[in-house]
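In: Provided below are the primary sequence and the corresponding predicted coordinates.
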Amino acid sequence: VFLILVGLGILMMVLVSTTGSMVYGTSVYPVTRIMLELPGATFQFFAILITFLAAGQLVHRAAISKMDHLIDSSPVSNGVLFASKTLALILVQLVLWLVIIFSGIAIQSYHGFYDFEIGLYLKALLGINWIWYIIWAGLAIAVQTFFKNYLIAFFVLLVFFLFGDQISNFGIEQNIFFFN
């Protein structure tokens, strides 16, 4: 599932970059800023889907493989297990950001633009966006622990991600109820 979603994300990056190379009818160079705006943003949606699914697989892996009783009886604290799952999810996100960087560079090379701004890629993806996604990873782990079925928790997370900013339309306007 991971490779399929990464492949679809790369395909969407390529498709968006071919149509997104025109600004107001004028052809533009595929500079790093443009690679981060349109193609990178489309892949980031796939990154959040992978984060939600990976959180479900990590949290429910023991129960799915019928090893939960053995893991519960092991002399490892729950904090260590929780920290390892959270770290694994954060590292999955790091791999996804590196895929965005390498795909953006490959798209720029294909279009004949070789002025790569690696610092801008690192600043935008690893410095700014990754923090936002780490917070979502923490929420994904927390929500996955509340539900016994990881697919139900995935859909709850997806609905919250897509429609969470619409909560003020229901009369809830206090800042404590808004996430991230």
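Out: Right, received. Where do you want to start?
In: lowest confidence element among the helices and strands of the protein?
Out: When the helices and strands of the chain are scored by mean pLDDT, DSSP states H and E, strand 22-23 comes last with a mean of 68.
In: What strands flank the next helix or strand after that strand, and is each parallel or antiparallel?
Out: As assigned by DSSP states H and E, the chain's next helix or strand after strand 22-23 is strand 26-27. Taking DSSP bridges as the criterion, strand 26-27 forms sheet pairs with strand 22-23 (antiparallel).
In: residues contacting V143?
Out: V143 makes contacts with A55, A153, V156, L157, F160, as judged by C-beta atoms under 8 Å, 6 or more residues apart in numbering. No exception for glycine: its C-beta is placed from N, CA and C like everyone else's.
In: Buried ones in the helix or strand it falls within, by neighbour count?
Out: Here V143, judged by DSSP H and E, is contained in helix 130-146. For helix 130-146, the neighbour count (16 or more other C-beta atoms under 10 Å) marks W130, Y133, I134, W136, A137, L139, A140, I141, V143, Q144 as buried.
In: out of the residues you listed, who's nearest I64?
Out: Among the buried residues of helix 130-146, Q144 lies closest to I64 (C-beta to C-beta), at 12.2 Å.
In: what's the spacing between the closest residue in space to that closest one that isn't next to it in sequence and A142?
Out: Closest residue in space to Q144, ignoring its immediate chain neighbours: V59 at 4.1 Å, by C-beta to C-beta, 6 or more residues apart in numbering. Applying C-beta to C-beta, to the nearest Å, one obtains 9 Å for the distance of V59 from A142.
In: what's the answer for N149, then?
Out: Noted for N149: a distance of 16 Å to A142, by C-beta to C-beta.
In: what's the next secondary structure element after the helix holding V143?
Out: As assigned by DSSP H and E, the chain's next helix or strand after helix 130-146 is helix 150-163.
In: Give the rounded mean pLDDT of that next one.
Out: Averaged across helix 150-163, pLDDT comes to 89.
In: what comes up buried for that helix?
Out: Of all the residues in helix 150-163, those buried under the rule 16+ other C-beta under 10 Å are Y150, A153, F154, L157, F160, F161.
In: what sits against the second one?
Out: To tie it back to what came earlier, the one meant is A153. By C-beta under 8 Å, 6+ apart, the contact list for A153 reads G56, V143, Q144, F146, F147.
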